[in-house]
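Asker: here is a sequence together with a model predicted from it:
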Amino acid sequence: MKSKSKILLHDHNHDGLDRRGFLECMAWAGTGMLWTVTSGLLGSAALPGRAGAAEMTRGTFNFVQISDSHIGFNKDANKDVAGTLTEAIARINALPEAPDFILHTGDLTHLAEDEEFDTLDQLLKSAKTQQIFYVPGEHDVLGDNGKKYLERFGKNTKGRGWYSFDHKGAHFIGLVNVMDIKENGLGILGDEQLAWLEDDLKGRSSSTPIVIFAHIPLWTVYPEWGWGTSESAQALGYLKRFGSVTVLNGHIHQTMKKVEGHVTFHTAMSTAFPQPEPGKAPKPGPMKVDAGKLRDYLGITEVSYTEGKGALAVVDATLA
Amino acid sequence: MWGVDLVTKMKAGTKLLSLVLSVVGLGLVNSVAGEAPVAGSPSPAKTGRILFLKNCAHCHAEDATGDEGPDLHGLHKSDDFISRRIRNGVKGEMTAFGEKFSQDDVKALIAYLRTLK
């Protein structure tokens, strides 16, 4: 089984050496790719087989990102999205150490119908973790401005669903960039949320590791398909003084990674269906692949934070 | 429901009227035949196009030729049918926008869809 991934590796050493622009594309046999930057040293390694994630260095704590479960989707690209989410949960439950929590980066459902939210909730109850944090995707809010989503997941959030929390020395920020999507399809944060973000970061030590998660990428992946967020530069500007920033997104149903200075960007696979690589198809919609290959394109992401180290380690593992 | 050709012709006439009114300093632009012109407001079809891009293009593609959702050019359904489809969606297929779109929003969307030939 072969999977593809793109990894953009930049200077993360803070040693004055500029490694920007180093692009590495690779294919590998196995189920995932470990890439980690610790104490300024950047490295990557293939994860050999189903037990690959078990080889990940255990850190101060670990969590898992899942994304784009699209419960309710029933077209040819995957007629059993509940089944593949169940497989993703099984992969999480098989990890040698239960994650402290799960982040779901949006598009929980396909049409934001009550029964879709119910199904998602029911399936995720079987995940072995202490808590699940959510941010909405555009599919969760499109028809009602997020009313149903916020009724279920908006408790203890600010504004239209954004929030932050601390966990074992790291600061996590869940942003909402899918309300009132722009005409060009780009995500939008809005003035109120940006002001809240600036205020949320005030007074925090620059040595605090920051993890920001939102549905649409907070970096410009492919604006022609709306794969970016219009005010991401302003949001990331508030984070310049922090030594370790990890940005986790979904939306594009494929892994993409970039390290730029002290900021690590990562997009996750979907648990439901793949989408084409940017510009490799006329349109970005669901991509049908051979049934036997589907699980090569679906997966989960495990993230490990080790106190005293630099950036967080991120591992993508497919469901294959 | 007006035929597309008639609407197109009337829009062309309206644009000319708008231009004339603008020239004489009244600032009336983009009014649509059959509606009282409102200073500075875009036509329903233009408003509909914006609503479409923000809410529908994700599934129907930016040019409305279809992606996950169907091509919306040359619809032969009635305004009433389209209105109900937008408001109620299709279970398992299409988002229901009844809680989001006002009656004017739906009218604007239909006006835009009628420009797709």
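Answerer: Right, received. Where do you want to start? Numbers count the residues shown, from 1 in each chain, chains lettered A, B, ... in the order given.

Asker: what about the residue in the stretch 201-320 of chain A that chain B sits nearest to, how many neighbours?
Answerer: At 3.8 Å from chain B, A:Gly285 is the closest residue in the stretch 201-320 of chain A, using CB to the nearest CB. Every residue, glycine included, has its C-beta placed from N, CA and C. By other CB atoms under 10 Å in any protein chain shown, 21 other residues sit near A:Gly285.

Asker: do the same with A:Ser206
Answerer: 13.

Asker: what separation do you get for it and A:Pro136?
Answerer: 30 Å (CB to CB, to the nearest Å).

Asker: output the longest helix anywhere in chain A as PDB, restricted to C-alpha atoms.
Answerer: For chain A, the helix that runs over the most residues, judged by DSSP state H, is helix A:81-93. What follows is helix A:81-93, C-alpha atoms only, in PDB (Å, rounded to 0.1, in the frame of the first residue of the first chain):
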ATOM      1  CA  VAL A  81     -18.600   7.400   6.100                       C
ATOM      2  CA  ALA A  82     -19.800   6.200   9.500                       C
ATOM      3  CA  GLY A  83     -17.900   3.000   8.800                       C
ATOM      4  CA  THR A  84     -14.600   4.800   8.100                       C
ATOM      5  CA  LEU A  85     -15.000   7.000  11.100                       C
ATOM      6  CA  THR A  86     -15.500   3.900  13.200                       C
ATOM      7  CA  GLU A  87     -12.300   2.600  11.700                       C
ATOM      8  CA  ALA A  88     -10.500   5.800  12.600                       C
ATOM      9  CA  ILE A  89     -11.800   5.600  16.200                       C
ATOM     10  CA  ALA A  90     -10.600   2.000  16.300                       C
ATOM     11  CA  ARG A  91      -7.100   3.200  15.300                       C
ATOM     12  CA  ILE A  92      -7.200   5.800  18.100                       C
ATOM     13  CA  ASN A  93      -8.300   3.200  20.600                       C
END
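
Asker: what about stretch A:212-224, average pLDDT?
Answerer: Across stretch A:212-224, the average pLDDT comes to 97.

Asker: need the pLDDT of residue 14.
Answerer: If you meant another chain, say so; for now it's chain A. Looking at A:His14, its pLDDT stands at 34.

Asker: hmm, no, I was thinking of chain B.
Answerer: Reported pLDDT for B:Thr14: 43.

Asker: outside of stretch A:82-90, which residues touch it?
Answerer: A:66, A:69, A:71, A:78, A:119-120, A:123-124, A:126-127, A:271-272, A:294-295, A:298-300, A:319 (CB atoms under 8 Å, 6 or more residues apart in numbering or on different chains).

Asker: filter those down to the buried ones.
Answerer: A:66, A:69, A:71, A:78, A:119-120, A:123-124, A:127, A:271-272, A:294-295, A:298-300, A:319 (16 or more other CB atoms under 10 Å in any protein chain shown).

Asker: in helices, which of the residues you listed appear?
Answerer: Short answer: the buried ones among the contacts of stretch A:82-90 in helices (DSSP H) are A:119-120, A:123-124, A:294-295.

Asker: nearest to A:Asp107 among those?
Answerer: Set against A:Asp107, the nearest of those by CB to CB is A:Leu120 (10.4 Å).

Asker: got a list of what the closest one touches?
Answerer: A:69, A:71, A:85, A:108-109.

Asker: and with 6 Å instead?
Answerer: A:71, A:108 (CB atoms under 6 Å, 6 or more residues apart in numbering or on different chains).

Asker: ditto for B:Phe97
Answerer: B:Phe97 is in contact with A:143, B:86, counting by CB under 6 Å, 6+ apart.

Asker: again, only using 10 Å
Answerer: B:Phe97 sits next to A:142-144, B:51, B:55-56, B:85-89, B:105-106, B:109 when contact means CB atoms under 10 Å, 6 or more residues apart in numbering or on different chains.

Asker: and if you look at A:Val211?
Answerer: Neighbours of A:Val211 in contact, by CB under 10 Å, 6+ apart: A:63, A:65, A:103, A:164, A:167, A:170-174, A:244-248, A:264, A:303, A:305, A:312.

Asker: spell out which parts of chain B neighbour chain A.
Answerer: B:49-63, B:65-69, B:86-87, B:89-101 (CB under 10 Å from any CB of the partner chain).

Asker: going through those residues, which ones are buried?
Answerer: When the residues of chain B next to chain A are checked against 16+ other CB under 10 Å, the ones flagged as buried are B:49, B:51-62, B:67-69, B:86-87, B:89, B:94-97, B:100-101.

Asker: go through these and flag which are in helices.
Answerer: With DSSP H as the criterion, helices contain B:49, B:51-55, B:57-60, B:86-87 from among those.

Asker: pick the one among those closest to B:Gly74.
Answerer: B:His60 (13.5 Å).
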